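# quick one, what's the 3D model for this:
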Amino acid sequence: MSTGFRFISWETASPEFMALAFEVLARNGIRRFCLADPMNDAQSNIACARMVKGVGGEFVIAALVFTLSPIHDDRHYAQAARKLAACPEVDAIYIKDPGGLLSPRRAGTLIPAVKAEIGAKPLELHSHCTIGLGELLYMDAVDYGVSALQCASGATADGISNPPSLRVVENLRALGHTVPVDTQALTEVNRFFTRIAQAEGLPVGAPQPFDAGYLRHQLPGGMIGTMRRQLAEQGLSHLEGAVIEEIARVREELGWPIVMTPFSQILLTQAFLNVTGRERYAVIPDEAIRYALGRFGRPNIPIAPEVMARIESLPRTRELRAEPAMAPVAELRARFGRGLPDEELLLRATMPATQVDAMRAAGPAARHYDPESKPVMELLRRVLKLRNVSELSV
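Residues are numbered from 1 along each chain as shown. As a prediction, the model looks like this:
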């Protein structure tokens, strides 16, 4: 999956660099490429789709990223769908609902509007269970013409993840739909991921209750917890409601960005500073300035003039505007080593050196994993650490 002209980091990559990234992925066996521009910039997705097909990618599915705002209406998505469907390098379209905000009622107008623009190209749906809407949405979506539903399995499903694959299949069949899926194989997949979670002590997803308040701020649950902790540390817990209301105001002033990484962090940080500072926009973080400068793509509508004027007045804005773009690939090769494999070059160009060094030191990832052996292996490791044991009998 690629989010616009970005690879791993949120720095805007050059077309040359993205073409290399797609080529390396295709060379290593990736056949299906999902393209999701966080601004719903259809031209950006089309440019990436052409790159993917140009380097041997087999299948491209382009996203319409869903959110709730006055400008993200059915017409907005229909226009983007029309552009994507007209591109021969795009094989399918999908509605990507990262916040789990799409309700069955809204789907009743949105999906037909998109279907009317894409002709025979397949339409898929990707949603989350964040406030309990995802699974109900999936039950109705097939009636509106969605051909595939993207799910999670076992312990990785529910919670703030995708609807659970096995339960979705069972419910669709109970509603009279034909689902050409091997239930026995799907059951084994679900069991496998649940066994991994149990063996590693990882959390297991659970169904989420509906939360109407989430429709206002749209922040991921983890970020709400971070905000509450930061307010509590400063003795400002009573300002939580004000910060949430400010998030909506900042989002409107910044042109209604979709509340997903990195925009969710930008919105929360700016709202927090506006509420706790001496005046609104007295302090503007670098990432908010970069957003205004278009480093993360073009805002859906122009930023509020008074906010943009404030940003333009900052000396820091001039410094960030002068930041150099990503270096040409030839220069990156000279910097990191001309004999470096393409895979490592891509990592070193987008990640801190310490992280890449740690990955190299750890060696290749294990190709096989048996969750049933985890308790036994843990026991053996603990026993081997004992210094007063001379003989072990199993």
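# can you count the residues close to the closest residue to Gly159 other than its chain neighbours?
Nearest non-adjacent residue to Gly159, counting by Cβ to Cβ, 6 or more residues apart in numbering: Gly205, 3.5 Å away. C-beta coordinates here come from the backbone N, C-alpha and C atoms, glycine included. Burial measure for Gly205: 20 neighbouring residues, criterion other Cβ atoms under 10 Å.
# and if you look at Leu332?
By other Cβ under 10 Å, neighbour count at Leu332 equals 20.
# so what's it up against?
17, 345, 348-349 (Cβ atoms under 8 Å, 6 or more residues apart in numbering).
# over to Glu343?
24, 28.
# okay, and it sits in which element?
Glu343 is part of helix 342-350 when elements are defined by DSSP states H and E.
# to the chain's geometric centre, what's the distance from that helix?
With Cα atoms, centre = their mean, to the nearest Å as the basis, helix 342-350 stands 21 Å off its chain's centre.
# repeat for stretch 80-98
With Cα atoms, centre = their mean, you get 17 Å for stretch 80-98.
# pull out the buried members of the contacts of Leu332.
17, 345, 348-349 (16 or more other Cβ atoms under 10 Å).
# gap between the closest residue to Ser165 other than its chain neighbours and Val168?
In this structure, Ser165 finds its nearest non-sequential neighbour in Cys151, 3.8 Å apart by Cβ to Cβ, 6+ apart. Cys151 sits 5 Å away from Val168, taking Cβ to Cβ, to the nearest Å as the criterion.
# just the residues contacting stretch 125-133, thanks.
Residues contacting stretch 125-133 (Cβ under 8 Å, 6+ apart): 63, 94-104, 111, 134-135, 137-138, 141, 146, 148-150, 157-163, 205, 207-211, 214-215, 220-221.
# so which of these are in helices?
Secondary structure from DSSP state H places 104, 111, 134-135, 137-138, 141, 214-215, 221 of the contacts of stretch 125-133 in helices.
# among those residues, which pair sits farthest apart?
By the measure Cβ to Cβ, Ile111 and Gly221 form the most distant pair in the ones in helices among the contacts of stretch 125-133, at 26.6 Å.
# which one of those two has more residues nearby?
Ile111 (24 against 14).
# residue contacts, that one?
Here Ile111 is in contact with 95, 123, 125, 141, 144-146 (criterion: Cβ under 8 Å, 6+ apart).
# among those residues, the buried ones, what's the ChimeraX command?
Here is the ChimeraX command that selects only those of those that count as buried (16+ other Cβ under 10 Å):
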select :95,123,125,141,144,146
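# which one of the contacts of Ile111 is nearest to Glu306?
Nearest to Glu306 among those, with distances taken as Cβ to Cβ, is Ile95, at 34.3 Å.
# enumerate every residue touching that closest one.
Ile95 touches 63-64, 66, 77, 102, 110-111, 114, 123-127, counting by Cβ under 8 Å, 6+ apart.
# I'd say Val189 and Ser153 touch.
Yes: at 5.0 Å, Val189 counts as touching Ser153 under the criterion of Cβ atoms under 8 Å.
# what's the overlap in contacts for these two?
Joint contacts of Val189 and Ser153 (Cβ under 8 Å, 6+ apart) are Ser165.
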